[in-house]
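> one predicted model, sequence on top.
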Protein chains: 4
Amino acid sequence: MVRYFRRGRASSWSELLRSDPFSVEDVRRSARRRLPRPVFDFVEGGADDEVTLGANRAAFRQLALRPRRLAGIAHPDLSTTVLGMPVRTPVLLSPIGLARLMSRDGELAVARAATHHGTIYAVPTMSTVRMETVRAGCSGPLWFQLTPWRDNELIARLVRRAATAGYTALVVTVDVPVVGKRERDLRHGFRVPPRPSLRTAHHFALRPAWSRRSRTEPPLAYENLADGPPLLADHARYINDRLANPGASWEDLKRIRTMWDGPIVLKGVMTAEDAERALECGMQGILVSNHGGRQLDTELATLDALPAVLEAVRNRAEVYLDGGVRRGSDVVKALALGARACFVGRPYMYGLAHNGQDGVSLVLDLLRAEIETTMTLAGRAGVADLDASLLTAAAVAIGDRP
Amino acid sequence: MVRYFRRGRASSWSELLRSDPFSVEDVRRSARRRLPRPVFDFVEGGADDEVTLGANRAAFRQLALRPRRLAGIAHPDLSTTVLGMPVRTPVLLSPIGLARLMSRDGELAVARAATHHGTIYAVPTMSTVRMETVRAGCSGPLWFQLTPWRDNELIARLVRRAATAGYTALVVTVDVPVVGKRERDLRHGFRVPPRPSLRTAHHFALRPAWSRRSRTEPPLAYENLADGPPLLADHARYINDRLANPGASWEDLKRIRTMWDGPIVLKGVMTAEDAERALECGMQGILVSNHGGRQLDTELATLDALPAVLEAVRNRAEVYLDGGVRRGSDVVKALALGARACFVGRPYMYGLAHNGQDGVSLVLDLLRAEIETTMTLAGRAGVADLDASLLTAAAVAIGDRP
Amino acid sequence: MVRYFRRGRASSWSELLRSDPFSVEDVRRSARRRLPRPVFDFVEGGADDEVTLGANRAAFRQLALRPRRLAGIAHPDLSTTVLGMPVRTPVLLSPIGLARLMSRDGELAVARAATHHGTIYAVPTMSTVRMETVRAGCSGPLWFQLTPWRDNELIARLVRRAATAGYTALVVTVDVPVVGKRERDLRHGFRVPPRPSLRTAHHFALRPAWSRRSRTEPPLAYENLADGPPLLADHARYINDRLANPGASWEDLKRIRTMWDGPIVLKGVMTAEDAERALECGMQGILVSNHGGRQLDTELATLDALPAVLEAVRNRAEVYLDGGVRRGSDVVKALALGARACFVGRPYMYGLAHNGQDGVSLVLDLLRAEIETTMTLAGRAGVADLDASLLTAAAVAIGDRP
Amino acid sequence: MVRYFRRGRASSWSELLRSDPFSVEDVRRSARRRLPRPVFDFVEGGADDEVTLGANRAAFRQLALRPRRLAGIAHPDLSTTVLGMPVRTPVLLSPIGLARLMSRDGELAVARAATHHGTIYAVPTMSTVRMETVRAGCSGPLWFQLTPWRDNELIARLVRRAATAGYTALVVTVDVPVVGKRERDLRHGFRVPPRPSLRTAHHFALRPAWSRRSRTEPPLAYENLADGPPLLADHARYINDRLANPGASWEDLKRIRTMWDGPIVLKGVMTAEDAERALECGMQGILVSNHGGRQLDTELATLDALPAVLEAVRNRAEVYLDGGVRRGSDVVKALALGARACFVGRPYMYGLAHNGQDGVSLVLDLLRAEIETTMTLAGRAGVADLDASLLTAAAVAIGDRP
C-alpha cells in the first residue's frame, strides 16, 4: 500500500553515487543541481527577507499530531471532490508561470502528470505553453488561472478562450496588484528568457545541460498573451508595466464573475473580511494563499490565516490552502483544520526540473504515499475523518534536520 | 554511593587518547565510531524530518527541577515494582529488533545485562536470537513483545512460545500498522543483513572490525519467525509486505488478550481516548510511546502526551514512557509526572555496539548513577517521593551543549 | 509606481561583479566594504552585548501583516505631516553626529537628500558641519537636535543659533546622561579623528580610499561647539567629561522649553510615565527611542515600548519611533500601531558611506518603494489607513536570511 | 564617574595586539588563554549537559529594562549593607575552592581585592590558603563558608577557627550532599594538584607559564583541612568519599546554628519551602543559588527561583542571588526583583587567572562601572530605588553576540 518510489534517471556518473529522491526536499536538491542559480532562485525565492516564506513552513511545525491506534485503516482513502469534481488526492497544483524554464514540455508536462494522478492543475495565464495546447494534451479536468489584469479586453479574451478550450473552473489571483520585491531576481537581473550576464555567467556555465537545452528549444514566451513579451524582458517589470492592475477592486471581480458560467476560486484571501467579500461576489472556492511568500513579506503564514477564513466562510464555499506544503503530514494538518484540499507550487516545479513529467509524477507519488502513511499511522480512514481532534499545539517547534 | 564507571576497552591506539564514556551521549559517539553508517543510522534515525525525534528530547528540557535541600537522603532508593515484579531501577529496556547488528550476542547480551541490573527487558519478535535462547540465557524476568501481525496463527504461535519459555508479560506494540518513512534507511538502501552497495561501500570499508565480525559470525536472521527473511531483504518492506497489519483493530487486541493469562502492556498509546480503550481491553500497563520518533513524524512528544494519559487512566493501570530518555534527570521527570517507569531503546543499543553486554551494563550504570545523583541533589529519598512538586516549567529551553 | 533603483557607482573591477544595492542591508554591506572597521563599528555597534540592538529588529518580526485584497490602491499616498509640516514620506532622519566620517559633505549631504525627498532631518549638535552651513545648503525644513548639556550657556547659544538659522523644531535627546558602554569603540580605541594604532592599522590599510580622503580633507571637528574637540580625542570620554549632564532633570527641559518658541520633540522616551511628564513640560512630539541600542543594553525594544507611550499620550502630542527600522514594512507596522512617523539613523549613514548624498537618496528611495509596495500589497491607500487591523502577532518569529 | 579601566599586563608580543579587557567576558577569554584547559574547565564547567549553566544566563535576558529619563542622577549610589555591614557595591564574592589554581596568592588575593573595593568575600572551606592567613592578610570584613560535612568534629573545629580568626558571618552551603556530575572534569581526569596525563599533556604544554609557576610554587593543598588531601587526588571523589554528607538534614543546620553567635547565610535555597525552613532554623540570610549550574542539571535558573523565595521570606531575612551574573545590568535586575545583593563566582576566578589580585579588582571595577552606567541610564539614584517598575518581560530573548 505505502510505497516510496525509486525513479530518477541517472544522467552522469556522479548521479550513480547519489540516492534517489525520497522526499520533496530531495527533489528540490536535485532541481538545484540541474538549474542555473538565477533560474532556481526565480522558483525558490520570496519577497524581501523571506520571512513569510519561512513562516509558511514553520506554521506546520507548530501543530503536532495526536495519533489514534488500532483504527483498522488498511486502505486510507485519499479521494475527495473539489468544486464537485472528484480527485484521487487532496493535493492540487497551483498556477506558476514559466514552467518551460524547468523542462521542455513545461505546463503541458504538469498537466499530464496531474491527469495521470487524478488531480487538477490550474494552468496560469503566464504559461509558456498555449492554454489550448495544454488542454488538448491531457484528459483530466483543468482550471485556468488569471489575474484581474489592467486590460479588461485581455481578461475577457482569456476567459472566453478558457471556456472554449474546456477549462472547468477559473482561479482568480488577487495578491499581485504589483509584483513583490524578490531580491534574488533583482540581484541576478533575472529576465525572460534567462541570459547570462557578467555577474551570472558562471551560474549558467556550471549547468551546461540546461543551457544546451534552452538554446536548442523554441524560445520561451508568454504564449497566452497576444503581444508576447519583449525580448530579454525583466519579468517583474513586464508584469508591473504592462499587465498588473494595482487599482483592481472587488468590482473587477464581479465583472469577471459575469463573464464565466462555471465556478471561480479566489486565490490569495488571507482574512475573514476578504473571505466575506469573496462570498458576496459569488465565489465557489477560496484559496488561502500568500503567493508562497513571494509578494508581501512578513505577511502571516497561510496555516495561521486558515482558521479565521474557515470560520467566516462557514461552509458556504470550499476553502483550500497553499504555501509551505512539503510533506504529506502538512496536507493532513491543513485538512484536519478544515481545508478541503491543498495546493502545491514549488514542489512540482522542482519535480519538473528533476525529470520533466515523470518528476512531477514523482512528487505527487511521494506526497500521496506520505499522506497514506500519515493517515494510516494516525488512524484515520479517509479525508472526511481528518478533524481537529487530530491536532494539538506543539510544545516546542523543532527545526528541520540540517 | 554515586560512581561514574570507567570501563571501555581500548581496542586501538586512538582509543587510548579518547576518554571513557561518562554519559549516554558518549556511548552514542562510541557506537557511531564502531558501526558502519547505514547500521548506525538504522538505530539512530527517525521518520521524515525527525521532528518528533527532536521533540522527545526537547520536552524534557521544557521541565525544570525544583530541588529541596537538607533532605537527608544518604541512599536514594531506586527500587520499585512494575506489574508487581520488583526492579532495582525504574529504567526498563524497550524491544528493538536486530540487536546482533550491534554486537555478537545481540538480544542475549541485552537480556543478561538487564538481569545483572535487576531490571526487565522486553524481547522483540524481530529478535536475531531465538526467544527460547534468550530466556534460557539469563535468570531475571523477561517480557515478550509482539505486534498484532497480519497472520493470526503467527501471533498465536508466538504467544504460546512466550508462555512456554517463561516470559512473564506481553508487550503489544500498536504503532506499526505500517513501517514509518525512515529516510536514512531509504537513502542507504538498508537491508538485512547489511551489504555494501556502490553508494555505501566506503561506510563499510571505514569500519573493518564490524565488517570482519559480520562475515565470520552466523548470518543475521529473524530467528523467531519460522520462515525467516529472504536473503538481502529490505527490512521495512519485509515487515510491510509480510507481517504488518494496517487493518489491525481493538478486536485483534481483545483476541490476544484471550490467548495470554499474564499481564499485557500496550505500547504506543499517545491519547486519553486510546488509554480508555486499552483499559476496556484489559491491559495492565500502558507504555506511552511514539516509537522513538520512527513512525509518525510531527507526532507530539511522549512527555507531552503523558499527563493526559495519566489522567485518563487514574491508576487503573501502570503507565510507562519511552522516547528521548538519555539522562537520569529525564527518568526522574517522567516519574515525577506520574509514570511508573521509563523504557530506553537507543541508549542500550549504543551500549551494545560500544562493548556488548558490558556496554549495555555501562549504560544502565550511567543512568542509575545519574538518577541517584539527581534524587540526592533534589532531596528525594525514593521513587515514591517523586511528584509534581519537583517540577516547574522551564522559563527558557536551552539547547544541548554542541 | 514601484521602482527599485540601480545607482551605485562602480569604483573598481570587483564592484562590477557585485550587484547594485536593493535593500538597506545591501547598502550596509557596501558601507562595511568602504569604511575602516573602527569607523564602521562606531556606526554599527550597540552597548554591552548588543541585546537591545537585536531586540529592536526582532520586535518587528513579532508582528505579522494581515493584507486586504482588491482594495484598488493604484497610488498609495505616503505623504503626511509632522508637527504640521508636510512630508512626502513618513521616514525622517535621526540626528547622528560625525557624518563626515562617512563621506565628504557629511551632514550637509544628508540634509540635501532629505530636502530632495521631501522629508526632514534633525541636524545633531555633534555635527561635523556647522549648523548654519547645513541650513544654508538646502531648502527643505530642518530640525535641530540638542541634549540637555551640562553647560546652560552652551544650550542657550545653540538654541539661539538654531532659531536664527531657521530651524523649525528642536529635538531634545534625553537618553545620554552619560555615553553607553560601546565595547566595539573601546576595543578599537576609537577617537576623533580616527587614527590607526598598532592594533587597528590593518583595518585602515585595507581601506586606502577612505584613508586617502580623510588625509586630504579638512580635519574632522565638532563644528557646532565653540571650543572644538581636543586633538585625537576619545569621543565618548570627550562627551562624558565635557558635555554630558548626568544630573539633567525635567527642570532643565522646562528651561529649554522657555528658550524656544517653536515645537519641541523629546527623543528617548520609553515609558508611559515619562511620556506624561513630557506633555507636562509642553512637548509637541515624543520620539520613542533607545538610541539604537547604543545606550542602555537590555532596555526593551522601541516597538514594544510604543503602545504604552501612545496610550499615555492619547493624541495630545505626536509620537514617533526609531530603532531597527530597515524595511518599508517596519515603517508600516509602526504607523499601524499608531506612530506618526519613523526615524532612521544607521540606514542613512550606510547610504552616506556608500555614495554620499546619492547614497542617502538611494536609502530613502528604497524605503519609499518598499513602503509603497507594502501598502499596495496590504491594500492600504494612505498612511491614515494604517491601523491595528493590519497587524497580528506572528505565530513564530523567523530569523533573517543568513 | 563612569570609567572602563585599562590595566592588563602585556606578557608577550601577541598580547600587544590584543585589546584590554572591557567586560567580564573579555576577562574570561584572557583566563582561557592563560590556563591549561583542564584547569579552565574546572572553573567553567557545569553538571551534565550544562543546561542550568545556560539557563542562569538566559534568565537575565528574559527581563528587559524600562528606563526613566531626566532623573537627575549625577552620582548613583551603589552602597548598601548586607547583614548590617556596609558595602560599597552590591556585588559580593562567592566561595569557590582552589583559587591558587588560578594565581599565586589564591584566596588571599581575592580577599585583598574585596577589601580594596569595600565588599565582602566568603572564604571557602576548600581554600588553598589557610583561613587565618587570609583573615590576617586584609582589613575588610570576611565571611567563612562551610558545608554540613559528614564529620561533626570538623565542622565544630572550622566554626571555632572562623570565630577566633574574626570572620563576621558564616555561609552554609546546602547544595552539595554529593558533588554533581561535571563531565568536563571526568573527561580530563581532573585531579588536585593537576597533573598532565597522556590525554591532557598537550593542554599543559600549551600553557608553559602556568605549568612553570605551578612547579615552582608550594604544592596545592586544602589548607583548612587538618589531614590534607591525598597526593594526586580526584577532587570530586575526595569530597564525596571523605567530606560530603548526603544524609545532612535541617537538624545539622540547627546544630551549626548553636555553634556560631553571628549571622548565618544559607547558600543554595531554591524554593519557598526551603526558605521557610531556613527561617525556622534562624538564618539571617538566604543565598538563592544552584551552585552555578555545577550540581543538579536542569534545575531552574536562580533568577527564576528568586521571586518565590522573596515572597516566602517577606523581609524576615536578607535574600541574595548568584549564578550567571556577568553584567552590571544583571545585578540591577536581581536587585530590582528584590535581592539585597548579588554574589559572583566565576567572574573573579577569571580575574584571578587574568592578573592575580589586580585581575579580581579589574572585574569588580568593570561590574561597578556597569552598574553605575545602568543606574544612570535607567534613572535610578541608588540601590534602594531599584524596584519592579524597572522591569518588563522581554518580548524576545536575543542570544549573546557570537
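Perfect, I can see it now. Residues are numbered from 1 along each chain as shown, chains lettered A, B, ... in the order given.

> skipping its backbone neighbours, what lies nearest residue A:165 in space?
Leaving aside its sequence neighbours, residue A:165 sits nearest to residue A:135 (C-beta to C-beta, 6 or more residues apart in numbering or on different chains; 4.2 Å). C-beta coordinates here come from the backbone N, C-alpha and C atoms, glycine included.

> in three-state terms, label that neighbour for me.
Under DSSP: H, G, I helix; E, B strand; the rest coil, the three-state class of residue A:135 is helix.

> does it really touch residue A:168, like I thought?
No. Here residue A:135 does not reach residue A:168: they are 10.2 Å apart, not a contact under C-beta atoms under 8 Å.

> quick check: neighbours shared by the two?
Taking C-beta atoms under 8 Å, 6 or more residues apart in numbering or on different chains as the contact rule, residue A:135 and residue A:168 both touch residue A:142.

> quick one: the closest residue to residue A:280 other than its chain neighbours from residue A:153, how far?
Leaving aside its sequence neighbours, residue A:280 sits nearest to residue A:250 (C-beta to C-beta, 6+ apart; 8.0 Å). Using C-beta to C-beta, to the nearest Å, residue A:250 is found at 20 Å from residue A:153.

> next, the contact list for the residue nearest to residue A:165, please.
By C-beta under 8 Å, 6+ apart, the contact list for residue A:135 reads A:111, A:123, A:142, A:165-167.

> flag every buried residue along stretch A:307-315.
A:308-310, A:312-313 (16 or more other C-beta atoms under 10 Å in any protein chain shown).

> what mean pLDDT does that stretch have?
Averaged across stretch A:307-315, the pLDDT comes to 97.

> give me the neighbour count for residue A:197.
14 (other C-beta atoms under 10 Å in any protein chain shown).

> need the contact list for it.
residue A:189 are the contacts of residue A:197 under C-beta under 8 Å, 6+ apart.

> I figured residue A:68 was touching residue B:274, is that so?
Yes. If you go by C-beta under 8 Å, residue A:68 and residue B:274 touch, sitting 6.0 Å apart.

> those two - which one has more neighbours?
residue B:274 (24 against 20).

> does the nearest residue to residue A:115 once chain neighbours are set aside count as helix, strand or coil?
Counting by C-beta to C-beta, 6+ apart, residue A:140 is the residue found nearest to residue A:115 once chain neighbours are left out, at 3.3 Å. Assigned with three-state DSSP, residue A:140 falls in the coil class.

> roughly how far apart are the most centrally placed residue in chain A and residue B:318?
With the centre of chain A defined as its mean C-alpha position, the nearest residue by C-alpha atoms, centre = their mean is residue A:345, 2.1 Å away. For residue A:345, the distance to residue B:318 (C-beta to C-beta) stands at 49 Å.

> which residues of the stretch 201-350 of chain A lie near chain B?
Neighbours of chain B within the stretch 201-350 of chain A, by C-beta under 8 Å from any C-beta of the partner chain: A:327, A:329, A:333.

> dump these into CSV; add secondary structure as well.
Shown next, in CSV, are those (three-state DSSP):
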residue, secondary structure
A:327, coil
A:329, helix
A:333, helix
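
> which of the residues you listed count as buried?
Using 16+ other C-beta under 10 Å as the burial test, these include A:327, A:329, A:333 as buried.

> could you check the pLDDT of the second one?
At residue A:329 the predicted local distance difference test score is 98.

> so what touches stretch A:248-257?
Residues contacting stretch A:248-257 (C-beta under 8 Å, 6+ apart): A:146, A:148, A:152, A:155, A:159, A:170, A:172, A:174, A:177, A:245, A:264, A:266, A:277-278, A:280-283, C:70-72.

> next, the buried residues of it.
A:248-250, A:252-253, A:256.

> looking at the residues you listed, which are in helices?
Assigned to helices by DSSP state H, the following of the buried residues of stretch A:248-257 qualify: A:250, A:252-253, A:256.

> identify, by residue count, the longest helix of chain A.
Using DSSP H, we find that the single longest helix of chain A is helix A:346-378.

> distance between that one and the chain's centre?
With C-alpha atoms, centre = their mean, to the nearest Å as the basis, helix A:346-378 stands 13 Å off its chain's centre.

> which residues are contacting stretch A:384-395?
The contact list for stretch A:384-395 (C-beta under 8 Å, 6+ apart) reads A:61-67, A:80, A:332-333, A:335-338, A:375, A:378, A:380, B:55, B:58-59, B:62, B:298, B:300-301, B:304.

> from those, list the buried ones, please.
By neighbour count, with 16+ other C-beta under 10 Å, the contacts of stretch A:384-395 hold A:61-67, A:80, A:332-333, A:335-338, A:375, A:378, A:380, B:55, B:58-59, B:62, B:298, B:300-301, B:304 as buried.

> just those that are near chain C?
A:61-62.

> I'd like the average pLDDT over the longest helix of chain A.
The pLDDT scores in helix A:346-378 average 98.

> and if you look at stretch A:179-198?
On average, stretch A:179-198 scores 93.

> CA atoms only: put it into CSV for me.
Taking C-alpha atoms only, stretch A:179-198 is exported to CSV below (Å, rounded to 0.1, in the frame of the first residue of the first chain):
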residue,chain,number,x,y,z
VAL,A,179,4.9,42.1,-8.2
GLY,A,180,6.6,41.7,-4.8
LYS,A,181,10.2,42.7,-4.2
ARG,A,182,12.1,39.5,-5.0
GLU,A,183,15.6,40.3,-4.2
ARG,A,184,17.1,37.2,-5.6
ASP,A,185,15.7,38.1,-9.0
LEU,A,186,16.8,41.7,-8.7
ARG,A,187,20.3,40.6,-7.7
HIS,A,188,20.6,38.2,-10.7
GLY,A,189,19.0,40.6,-13.1
PHE,A,190,16.5,37.8,-13.9
ARG,A,191,15.0,38.1,-17.3
VAL,A,192,12.9,36.0,-19.7
PRO,A,193,14.4,34.2,-21.4
PRO,A,194,17.3,34.0,-19.0
ARG,A,195,20.6,35.2,-20.4
PRO,A,196,24.0,35.1,-18.7
SER,A,197,25.4,38.4,-17.7
LEU,A,198,28.9,39.3,-16.5
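
> residue B:85: which of the residues of the stretch 201-350 of chain A next to chain B is nearest?
Relative to residue B:85, the closest of those is residue A:329; by C-beta to C-beta it sits at 38.4 Å.
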